[in-house]
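S.K.: mind folding the following:
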Amino acid sequence: MTTNPIYLMPFQFFGLRESPFHVSPDLRYYMMTDATQAAFTELCYGIEMRKGLMVLTGEPGTGKTTLLHRLLQWLREKNRSTSYVFHCHLEPDDLLRSIFHGFGIVQPGQSKSELMSALTTWLNHRTAAGDFPVIIVDEAQALSLRALDELRLLLNLENSHGKLLQIVLAGQPELDEKLRRPQLLQLRQRIAIRKKLPLFSLEQCADYIGVRLAVAGKKTQDAFPAETIRAIHICSGGIPRVVNLLCENALISAYAEGEAAVSVEMVRSVAADFDFETSNLPSELSSIPFRAEIPAKLAADRASVLRPQPELKPMPLAETNSSKTPLISAERAAEIPARKEAGSVVSIERPKTKPAKIEIPRTRPLFLAQAKEYCHGLIQSFLKDWNQLLTPSVQSTFAHKNKGAYAAHNRRIGSPAKILNE
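M.R.: Residues are numbered from 1 along each chain as shown. Next up is the predicted model:
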């Protein structure tokens, strides 16, 4: 970053040592949100467990390259061999040579068989030394289908302990579309870890701006009021790269106008100059809820939730039905007059209406009466059905064979009405 005083003058006006939103590879400016932290952790896990192929995607400007640089830094701290490929408009042979150059392998010849033999020998030596070489390919959506299939063949290099080579593909959403093609089915089946970086939410955008300002030497965020942060989030669409551009140019505009804070109109003007979408920017931004404005209220609410609640003990049924049950203990009742004299507000009154008294009848007679009524109704329904359905069928079947026997049968058992009365 340049140290020209003229360049730093707009930012020194706001109490900053340097431009907080300058595009810099310095990882101090990189804020790990929950999503980026999860992606970084899973990529590290995949490399340590020798999963083989990992894919990272995201919209342009969401921080894929910065995340890859942090991953490279982590690998170098662990003394891992890495090959970083950032130019992907390559044919398969050129891609292989670029990988050789990244690993620092001397190319033995021009034929592909010699290259593959040298790579296999080198990988076996590095694995025996406890090294897990990693290939990181940025902007992988630009790779041709033949180049992607060449990476699939490299994944076949393995031993009894796992893959000899780990590959991380990072690219825009077009990479996902390309991996869905039938020609890359075998490569898609080898993907062990797949992560996508989301866009910033409003709260994450505010935190991001705060982190950038803090690293540059400003501990407060008064240069960007809440409504300004809302406007930046809407105009940028939650893309960190656009947030940097809007914030830096808005600070310069505020310095040129002699203002101590960036206004919504400044953000709107900068967004229009860079042809960013401003039609979604409402005229009144204060109506949009912004959770970061009320951290004290959120802390109080969280404290009230976490505050231990008094233990509730059940009261016996006889006490709840008794009108003589005291609402407070004798010790508390003795303290009330003293506390009233001391001036503390204590108001404990008995309810004007007495609690309802629960009458519990004797259960045995009630049960017998209900059972008798239920059984009587059940028998009545059964006999009615029997009289309507079974009796006509018996009459039609046996009446023409033995009318005398059927009549005697009815006289012996009696009619359904007679049985019911009995």
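
S.K.: quick one: low-confidence parts of the chain?
M.R.: 1-8, 23-31, 278-370, 386, 388-422 (pLDDT under 70).

S.K.: do that again at 50, thanks
M.R.: Applying pLDDT under 50 to the chain flags the ranges 1-2, 287, 290-328, 340, 344-363, 398-399, 401, 416, 419-420, 422.

S.K.: the domain parsing of it - what is it?
M.R.: 5-17+201-293, 34-197, 364-421 (automatic domain parsing).

S.K.: got those as TSV, with mean neighbour count columns?
M.R.: Where C-beta positions appear, they are placed from N, C-alpha and C, glycine not excepted. Shown next, in TSV, are those (neighbours: other Cβ atoms under 10 Å):
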stretch	mean neighbour count
domain 5-17+201-293	17
domain 34-197	17
domain 364-421	11
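
S.K.: helices along the stretch 101-250 of the chain, start to end?
M.R.: For the stretch 101-250 of the chain, helices defined by DSSP state H, counting those that start in this stretch occupy the ranges 112-128, 145-154, 173-179, 185-189, 202-215, 226-236, 240-257.

S.K.: reformat those helices as JSON lines; add distance to Thr33.
M.R.: Conversion of the helices of the stretch 101-250 of the chain to JSON lines gives the following (distance: least, Cβ to Cβ, whole Å):
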{"stretch": "helix 112-128", "distance to Thr33": "34"}
{"stretch": "helix 145-154", "distance to Thr33": "29"}
{"stretch": "helix 173-179", "distance to Thr33": "19"}
{"stretch": "helix 185-189", "distance to Thr33": "28"}
{"stretch": "helix 202-215", "distance to Thr33": "5"}
{"stretch": "helix 226-236", "distance to Thr33": "14"}
{"stretch": "helix 240-257", "distance to Thr33": "10"}
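
S.K.: of those, which approaches Ile167 most closely?
M.R.: Ranking the helices of the stretch 101-250 of the chain by distance to Ile167, with Cβ to Cβ as the measure, places helix 145-154 first at 5.8 Å.

S.K.: run the angle between that closest one and helix 112-128 for me.
M.R.: Interaxial angle, helix 145-154 versus helix 112-128 (axes from the mean of the first three to the mean of the last three Cα atoms, to 10 degrees): 40 degrees.

S.K.: who's in contact with helix 145-154?
M.R.: 53, 88, 90-92, 95-96, 119, 135, 137, 140, 143, 165, 167, 169, 178-179, 181, 183-184, 186-187, 190 (Cβ atoms under 8 Å, 6 or more residues apart in numbering).

S.K.: repeat that for 7 Å
M.R.: With Cβ atoms under 7 Å, 6 or more residues apart in numbering as the test, helix 145-154 has contacts from 90-92, 95-96, 165, 167, 183-184, 186-187, 190.

S.K.: so which of those belong to strands?
M.R.: Of the contacts of helix 145-154, the ones assigned to strands by DSSP state E are Ile167.

S.K.: export the contacts of helix 145-154 to TSV and tack on distance to Ile379?
M.R.: Shown next, in TSV, are the contacts of helix 145-154 (distance: Cβ to Cβ, whole Å):
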residue	distance to Ile379
Leu90	92
Glu91	93
Pro92	90
Leu95	90
Leu96	92
Leu165	84
Ile167	81
Gln183	78
Leu184	76
Gln186	75
Leu187	76
Arg190	74
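
S.K.: closest one to Ser160 among the helices of the stretch 101-250 of the chain?
M.R.: Comparing the helices of the stretch 101-250 of the chain by Cβ to Cβ, helix 112-128 comes nearest, at 10.8 Å.

S.K.: list the helices and strands the closest one packs on?
M.R.: Judged by 3 or more Cβ pairs under 7 Å, 6 or more residues apart in numbering; DSSP states H and E, the packing partners of helix 112-128 are helix 92-103.

S.K.: ok, Phe132 - contacts?
M.R.: Phe132 neighbours (Cβ under 7 Å, 6+ apart): 47, 50, 80, 166.

S.K.: ok, the third one to Gln73 distance?
M.R.: Arg80 sits at a distance of 11 Å from Gln73 (criterion: Cβ to Cβ, to the nearest Å).

S.K.: any idea how far Gly162 lies from Leu213?
M.R.: For Gly162 relative to Leu213 (Cβ to Cβ), the value is 44 Å.

S.K.: quick one on the thing from earlier: between the contacts of helix 145-154, which is nearest Phe274?
M.R.: Nearest to Phe274 among the contacts of helix 145-154: Leu90, at 31.9 Å, using Cβ to Cβ.

S.K.: make sure Ser83 is indeed in a strand.
M.R.: Yes: if the criterion is DSSP: H, G, I helix; E, B strand; the rest coil, then Ser83 is within a strand.

S.K.: and of the helices of the stretch 101-250 of the chain, who's closest to Leu43?
M.R.: Ranking the helices of the stretch 101-250 of the chain by distance to Leu43, with Cβ to Cβ as the measure, places helix 173-179 first at 15.3 Å.

S.K.: for the closest one, name the packing helices and strands.
M.R.: Secondary-structure packing of helix 173-179 (3+ Cβ pairs under 7 Å, 6+ apart): strand 53-58.

S.K.: can you do 10 Å?
M.R.: If you count contacts as 3 or more Cβ pairs under 10 Å, 6 or more residues apart in numbering; DSSP states H and E, helix 173-179 packs onto strand 53-58, helix 145-154, strand 166-171, helix 185-189, strand 191-197.

S.K.: can you name the residues bridging to the closest residue to Ile167 other than its chain neighbours?
M.R.: Nearest-residue entry for Ile167: Ile135, 4.8 Å, with adjacent residues in sequence omitted and distances by Cβ to Cβ, 6 or more residues apart in numbering. Beta-bridge partners recorded for Ile135 (DSSP bridges): Ser83, Ile167.

S.K.: any idea how far Ile135 lies from Leu179?
M.R.: To Leu179, Ile135 is 17 Å away according to Cβ to Cβ.

S.K.: same check on Ala214?
M.R.: With distances taken as Cβ to Cβ, Ala214 is found 39 Å from Leu179.

S.K.: swap in Ala256?
M.R.: As judged by Cβ to Cβ, Ala256 and Leu179 stand 47 Å apart.

S.K.: over to Ala129?
M.R.: In this view, Ala129 and Leu179 are 33 Å apart by Cβ to Cβ.

S.K.: got it, and Ile105?
M.R.: To Leu179, Ile105 is 28 Å away according to Cβ to Cβ.
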